[in-house]
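Peer 1: Pasting the sequence and the predicted coordinates here, then a few questions.
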Amino acid sequence: MAFFQIIFNPAAGGGNSVATWHIVKDELNRRGVEFRVRTSKHPGHTVELAHQIAKFNDRDDTVLLVIGGDGTLNQAVTGIREAGNTTMPVAYVPAGSGNDFARANRISKDPLKVLDAIIDTTEPVRIDIGEFHERTRNQHGYFVNNVGVGFDAAVVDAANHSRVKPFLNRMHLGTLAYLLSVFSVLFNRHAFEARVNVGDDHDIIPNAYICTTTNHPYFGGGVRIMPGASVIDGQLDLVIVEEKHFFTFLFLMIQILFRKKLDFEGIHHYRADRLYVETSSLEFGQMDGEELGTRPFELEFNVSHQLFWMGDLNPQ
Ligand SMILES: Nc1ncnc2c1ncn2[C@@H]1O[C@H](COP(=O)(O)OP(=O)(O)OP(=O)(O)O)[C@@H](O)[C@H]1O
C-alpha cells in the first residue's frame with residue numbers, strides 16, 4: 001500500500017473542506033493507512049509544501065494526496081513540477097466549490113468512495129495537464145483545467161474581491177455569491193481583440209470576450225464549454241466566444257449551457273498540442289480559478305503530463 005503525504009486546504013469550498021478532511025482522516029486511521037498531513041496556512045502555501053515533499057521524498061511508494069479545490073490541486077501539481085519530480089503521483093479528494101477537474105475525470109463527490117478508489121489503486125495513470133508561458137511578465141505555469149482571459153477571469157476576480165462572499169459562504173450560499181459575480185461582470189463587459197496562432201492558422205478575432213484554453217470539457221463549476229475535450233488526447237482546446245451584441249452573446253452563452261455542439265458563428269475553436277494567443281489590451285486572466293491579474297497577455301501553451309493515483313481512468 002502507498003504512503004500518503006497529504007496536503008489539505010482548510011479554506012477550500014468556503015471552509016467546507018474541513019469536514020471532508022475529518023472524514024478522510026478517520027477512514028485512513030480506521031484502515032491503518034500510513035500518512036502524514038500538512039495544512040495549507042496561507043494562499044499559495046500548497047506550492048511550497050508540494051515542492052518540499054517532492055524534493056525531499058526518499059520513498060518509492062509516496063503518493064501526494066491533495067484535499068481541496070481546483071486551485072489547491074493546481075498548486076500541488078505546480079510544486080511537484082517546479083521541484084523537477086516527474087515520478088510522484090497525485091491523488092485527489094475534491095473539496096472545493098467548483099471541482100471541475102473532478103467532474104471531468106468522474107471523481108466522486110463522496111470522499112469515502114474516492115478514498116476507496118485511491119487506496120485500491122496499484123498503478124498510476126498518466127493524464128494531460130496544460131503548461132503555459134506568458135511572455136509579457138515572463139511567467140511560467142501549469143494548469144489541470146484551464147487558463148482564461150476575459151469573462152471567466154473577470155468573474156474569478158469579482159468573486160474573490162466580493163464583500164458579500166465570505167458572509168454568503170458562511171451561510172452555505174457560495175453558488176449565489178458566484179452568480180452575483182457573473183451578473184456584475186456581464187453588466188460591465190467589454191470585448192477585446194485576440195490574435196491566435198495555431199499551426200498554419202493565424203486569426204484575428206476583434207470582439208473576443210471569452211478566451212479560454214482548456215484541458216477538458218468543463219469550466220466555471222460545471223459549464224461544458226468544450227464538449228469533446230479530453231485529458232488523454234495529448235491536445236488542448238482553445239475556445240473563443242465573440243461578443244458583438246449583448247443578445248447574440250446571450251444566445252451563444254445559452255448554446256454553451258445547453259447544447260452539445262458549439263458550431264455557431266461567433267464561437268471559435270482550435271485543438272492542438274501547441275497554441276498561441278495574445279491580447280493587445282489589459283485583460284483579467286485566471287488559471288484553474290486562481291487570479292493571474294490584469295495585463296496584455298501573450299500566452300504560449302503546450303501539453304505536459306502528470307501521474308495521478310486515482311483508480312481506473314474514466315474521463316468524460
Ligand atoms: N490557510 C489558507 N487561508 C486562506 N486561503 C488559503 C489557505 N490555504 C490556501 N488558500 C487559498 O485558497 C484558495 C482556494 O482554494 P481552492 O481553489 O482549492 O478552493 P475553491 O476555490 O473552493 O475550489 P474550486 O477552485 O474548485 O472552486 C487558493 O487560492 C489557495 O491559495
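Peer 2: Yes, it's here. Numbering: from 1, shown residues only.
Peer 1: burial of residue 138, as a residue count?
Peer 2: Neighbours of residue 138 under the rule other Cβ atoms under 10 Å: 8. (Glycine included, C-beta is placed from N, CA and C.)
Peer 1: how about the nearest residue to residue 87, chain neighbours excluded?
Peer 2: residue 307 (6.9 Å; Cβ to Cβ, 6 or more residues apart in numbering).
Peer 1: Repeat that for residue 178.
Peer 2: Excluding the flanking residues, the one nearest residue 178 by Cβ to Cβ, 6+ apart is residue 159, at 5.7 Å.
Peer 1: For the stretch 201-316 of the chain, what lies in contact range of the ligand?
Peer 2: Listed as neighbours of the ligand in the stretch 201-316 of the chain under the rule Cβ under 6 Å from any ligand atom: 289, 290.
Peer 1: For the helix or strand containing residue 51, name the packing helices and strands.
Peer 2: In the assignment (DSSP states H and E), residue 51 maps to helix 45-56. Where contact means 3 or more Cβ pairs under 8 Å, 6 or more residues apart in numbering; DSSP states H and E, helix 45-56 is packed against strand 3-8, strand 62-68, helix 70-82.
Peer 1: Could you report the neighbour count for whichever residue of the stretch 101-250 of the chain sits closest to the ligand?
Peer 2: Proximity of the stretch 101-250 of the chain to the ligand (Cβ to the nearest ligand atom) peaks at residue 221, 6.2 Å away. The local packing of residue 221 (other Cβ under 10 Å) involves 18 other residues.
Peer 1: same question, residue 106
Peer 2: Here the number of neighbours of residue 106 (other Cβ under 10 Å) works out to 13.
Peer 1: excluding its backbone neighbours, what's nearest it?
Peer 2: residue 314 (4.7 Å).
Peer 1: Correct me if wrong: that neighbour contacts residue 105.
Peer 2: Yes. Using Cβ atoms under 8 Å, residue 314 is in contact with residue 105, at 6.9 Å.
Peer 1: And the nearest residue to residue 94 once chain neighbours are set aside, which helix or strand is it part of?
Peer 2: For residue 94, ignoring the flanking residues on the chain, the nearest one in space by Cβ to Cβ, 6+ apart is residue 102 at 3.8 Å. If you go by DSSP H and E, residue 102 is part of helix 100-104.
Peer 1: by contact count, what packs against that helix?
Peer 2: With contacts defined as 3+ Cβ pairs under 8 Å, 6+ apart, the packing partners of helix 100-104 are helix 70-82, strand 90-94, strand 218-219.
Peer 1: Could you grab the helix/strand/coil label for the closest residue to the residue of the stretch 101-250 of the chain closest to the ligand other than its chain neighbours?
Peer 2: Excluding the flanking residues, the one nearest residue 221 by Cβ to Cβ, 6+ apart is residue 98, at 3.7 Å. Secondary structure for residue 98, judged by DSSP: H, G, I helix; E, B strand; the rest coil, is coil.
Peer 1: burial of the closest residue in space to residue 66 that isn't next to it in sequence, as a residue count?
Peer 2: Leaving out its chain neighbours, the residue that sits closest to residue 66 by Cβ to Cβ, 6+ apart is residue 76, at 4.5 Å. Other residues near residue 76 come to 29 when the count uses other Cβ under 10 Å.
Peer 1: how near is residue 76 to residue 4?
Peer 2: Using Cβ to Cβ, to the nearest Å, one gets 13 Å for the distance from residue 76 to residue 4.
Peer 1: And the strands in the stretch 201-316 of the chain?
Peer 2: Using DSSP state E, counting those that start in this stretch, the strands assigned to the stretch 201-316 of the chain run over residues 201-214, 218-219, 223-224, 236-242, 267-272, 274-279, 283-287, 290-295, 298-308.
Peer 1: Redo those as a markdown table? Include mean pLDDT and mean neighbour count.
Peer 2: Output for these, formatted as a markdown table (pLDDT from 0 to 100; neighbours: other Cβ atoms under 10 Å):
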| stretch | mean pLDDT | mean neighbour count |
| --- | --- | --- |
| strand 201-214 | 95 | 19 |
| strand 218-219 | 91 | 26 |
| strand 223-224 | 88 | 18 |
| strand 236-242 | 95 | 24 |
| strand 267-272 | 95 | 17 |
| strand 274-279 | 97 | 20 |
| strand 283-287 | 97 | 25 |
| strand 290-295 | 96 | 17 |
| strand 298-308 | 98 | 18 |
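Peer 1: Residues of the stretch 1-150 of the chain that sit close to the ligand?
Peer 2: Residues of the stretch 1-150 of the chain lying near the ligand (Cβ under 6 Å from any ligand atom): 9-13, 40-45, 68-72, 96-99.
Peer 1: Could you rerun that using 5 Å?
Peer 2: Proximity of the stretch 1-150 of the chain to the ligand is confined to 9, 11-13, 40, 43, 68-72, 96-99 under the rule Cβ under 5 Å from any ligand atom.
Peer 1: residue in the stretch 151-300 of the chain nearest to the ligand?
Peer 2: For the stretch 151-300 of the chain and the ligand, the shortest gap (Cβ to the nearest ligand atom) falls at residue 289, measuring 3.9 Å.
Peer 1: Good, we can wrap up now.
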